[in-house]
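>>> Build me a model from this:
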Amino acid sequence: MSLPLNTVSIHPYFKAHPGKLEAVKAHLRSFVKATATESTCLYYEFTINGDEIFCRESYIGAEGVLAHLANVDAQLKEILTLTEMTRLELHGPAAELEKLKGPMAGLPVAWFDYECGVVK
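Now for the predicted structure:
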């Protein structure tokens, strides 16, 4: 898969509240359904390890990230009643990440600037 040079990926980690994992699992499909409509989404998937939920997701540019966050706002608010967000990473080119720092200032983001890699 060839990714655009302005690709930004989001890596949120959630921990399900005790007894809520099945409710979280059921709720994940609403995220997938909403995200499937986004033209700037490159990939989007959930994985689970015990009571830890991870979302692997990537978008074309900062604009794609912001569009996604607006699109899943209701779902995000709901899942945060069932979980705690334990980590939030954003990875991408420094110029794209800079565009996100203002809109995401209230979140505990760990920012990872792209350095080098293989692009096919």
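>>> Next secondary structure element downstream of the longest helix seen in the chain?
Using DSSP state H to define each element, the chain has its longest helix at helix 21-35. Using DSSP states H and E, the helix or strand that follows helix 21-35 towards the C-terminus is strand 41-49.
>>> before we move on, the earlier item: please name every helix or strand in contact with the longest helix of the chain.
Secondary-structure packing of helix 21-35 (3 or more Cβ pairs under 8 Å, 6 or more residues apart in numbering; DSSP states H and E): strand 41-49, strand 52-60, helix 61-71, helix 73-79. All C-beta atoms are positioned from the backbone trio N, CA, C, and that covers glycine.
>>> quick one: contacts of that helix?
14, 16, 41, 44, 46, 48, 51, 53, 55, 57, 68, 71-72, 75, 78-79, 82-83 (Cβ atoms under 8 Å, 6 or more residues apart in numbering).
>>> which residues of this protein score low on pLDDT?
1-3 (pLDDT under 70).
>>> ok, 80 please
Applying pLDDT under 80 to the chain picks out residues 1-4, 119-120.
>>> Please report the distance of the residue located most distally from the centre of it from residue 83.
Distance from the centre of the chain peaks at residue 19, with 23.8 Å (Cα atoms, centre = their mean). For residue 19, the distance to residue 83 equals 12 Å [Cβ to Cβ, to the nearest Å].
>>> can you check residue 57 too?
16 Å.
>>> do residue 39 as well
Taking Cβ to Cβ, one finds residue 39 at 28 Å from residue 83.
>>> and the two? which has more neighbours close in?
Ranked by neighbour count (other Cβ atoms under 10 Å), residue 39 and residue 83 place residue 83 first, with 22 against 8.
>>> For the residue nearest to the more buried one when sequence neighbours are not counted, list the residues it contacts.
In this structure, residue 83 finds its nearest non-sequential neighbour in residue 14, 3.9 Å apart by Cβ to Cβ, 6 or more residues apart in numbering. Listed by Cβ under 8 Å, 6+ apart, the contact partners of residue 14 are 24, 52, 53, 54, 55, 79, 83, 84, 85, 86.
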